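Trainee: with the sequence up front, the predicted model follows.
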Amino acid sequence: MNWGEFFAMNGYALYVWGSYGMALLIFIIEIILVRHRKKLAVQQLRLLRDAGKEE
Amino acid sequence: MAINWFKYAAPSSFYGLIGKMIPWFAWSSGILFIIGLYIGFFVAPTDVQQGEAYRIMFIHVPTSILSMFVYLVMAGYAAMGLIFNTRLSSMMASALAPTGALLAFLSLWTGALWGKPMWGAWWVWDARLTSELVLLFLYLGFIALQAAIDDPRRADRASALLAIVGSVNVPIIYFSVKWWNTLHQGSTVKFSGTSMHVAMQQAMYTMLLACWLYVIAVSLIRVRSIILERERNTQWVTDLPEVTK
């Protein structure tokens, strides 16, 4: 089996890769979002702490 | 030996514990995804009836099973938060909801891409498909309701009620293929065994485990942010090394 044949999925390429592609996309976006949210939460806590110091 | 069972019910100790656990879940999930995809695409034989299209199963079945399972876990945490008034349980429920919604979406998406070549339609108002769509709406309703109420503890209680009532939908999805005459095929994997080829089973269970560990990893990262956001006025949060540095 060569790679061209493999990616063609015997005519079902759109359906098979459309499924796995969407899953990969969703997982990557979700990972970026949860990590970004964590970063924002920590940043906000630092801002709160600095604001408290100035008072 | 006395074990303090409630130690990790406190957000402060739970936050530290899961911080150490997340990398393990994440890495084992990644490794299992690679193994599962390898078996699924290179070891498992072509299906006699469905050709190569059946390989969608290895992502469709795990996301579908987990979309239902995660809902029950979420409703369980929400109920615990409602009954015992434990903040952390409600935070876990909120952390699971977005991932559950994405799983339900992926189940429908991969199902549509499998349905088109096999049934000739992206979508049919079949009992299985419709009840899974209702599951997606329940997740979205849970998230929206929580976002609509400003006081987090009141939001927890209101959304917990929605989650508990909505859990009636999970057995409906599960048994829909038995109760009604639907286009969606019955379960290939039953509690009594399966008729699937060994390599297909291995690929599917590996992918299921990989997805499960992925769900645990992302929801634990999310719950850590929720803990920080909700506990921002407490001393232990202000004293965290990542905040003080």
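Mentor: On my side now, so go ahead. Numbering: from 1, shown residues only, chains lettered A, B, ... in the order given.
Trainee: please name the residues that touch the residue sitting nearest the centre point of chain B.
Mentor: Closest to where the C-alpha atoms of chain B average out (Cα atoms, centre = their mean) is B:Val70, at 3.6 Å. By Cβ atoms under 8 Å, 6 or more residues apart in numbering or on different chains, the contact list for B:Val70 reads B:Leu96, B:Thr99, B:Gly100, B:Leu103, B:Val215. Placement of C-beta: from N, CA and C, glycine included.
Trainee: which pair of those spans the longest distance?
Mentor: Using Cβ to Cβ, the contacts of B:Val70 span at most 10.0 Å, a distance reached by B:Leu96 and B:Leu103.
Trainee: okay, and the common contacts of these two?
Mentor: B:Val70, B:Val215.
Trainee: check which helices and strands the longest helix along chain A sits against.
Mentor: If you go by DSSP state H, chain A has its longest helix at helix A:13-54. Helix A:13-54 sits against helix B:57-84, helix B:87-119, helix B:198-230, helix B:235-238, helix B:241-244, with contacts defined as 3 or more Cβ pairs under 8 Å, 6 or more residues apart in numbering or on different chains; DSSP states H and E.
Trainee: do the last one and chain A come into contact?
Mentor: It refers to helix B:241-244. Yes - using Cβ under 8 Å from any Cβ of the partner chain, helix B:241-244 reaches chain A at B:Glu242, B:Val243, B:Thr244.
Trainee: dump those residues to CSV, plus pLDDT.
Mentor: Putting the residues of helix B:241-244 next to chain A into CSV (pLDDT from 0 to 100) gives the following:
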residue, pLDDT
B:Glu242, 87
B:Val243, 85
B:Thr244, 83
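Trainee: phi and psi next, for B:Asp47.
Mentor: Torsion angles at B:Asp47 (phi, psi; degrees, to the nearest 10) stand at phi -70, psi 140.
Trainee: rewinding a little: buried among the residues of helix B:241-244 next to chain A? Need that as a selection in ChimeraX.
Mentor: Provided next is the ChimeraX selection string for whichever of these are buried by 16 or more other Cβ atoms under 10 Å in any protein chain shown:
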select /B:243
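Trainee: number of nearby residues for A:Cys32?
Mentor: Residue A:32: Ile, not Cys. 10 (other Cβ atoms under 10 Å in any protein chain shown).
Trainee: which outside residues touch stretch B:24-43?
Mentor: With Cβ under 8 Å, 6+ apart, stretch B:24-43 has contacts from A:6, B:55, B:58, B:199, B:202-204, B:206-207, B:209-214, B:216-217, B:220.
Trainee: average model confidence for it?
Mentor: What stretch B:24-43 shows for mean pLDDT is 97.
Trainee: what residues sit buried inside stretch B:24-40?
Mentor: Applying 16+ other Cβ under 10 Å to stretch B:24-40 flags B:Phe25, B:Ala26, B:Ser28, B:Ser29, B:Leu32, B:Phe33, B:Ile35, B:Gly36, B:Leu37, B:Ile39, B:Gly40 as buried.
Trainee: ok, and does stretch B:207-217 reach over to chain A?
Mentor: Yes - applying Cβ under 8 Å from any Cβ, one finds stretch B:207-217 touching chain A at B:Tyr214.
Trainee: likewise stretch B:44-64?
Mentor: Yes - legend: contact between stretch B:44-64 and chain A by Cβ under 8 Å from any Cβ is shown at B:Thr46, B:Gly51, B:Glu52, B:Ala53, B:Arg55, B:Ile56, B:Ile59, B:His60, B:Thr63.
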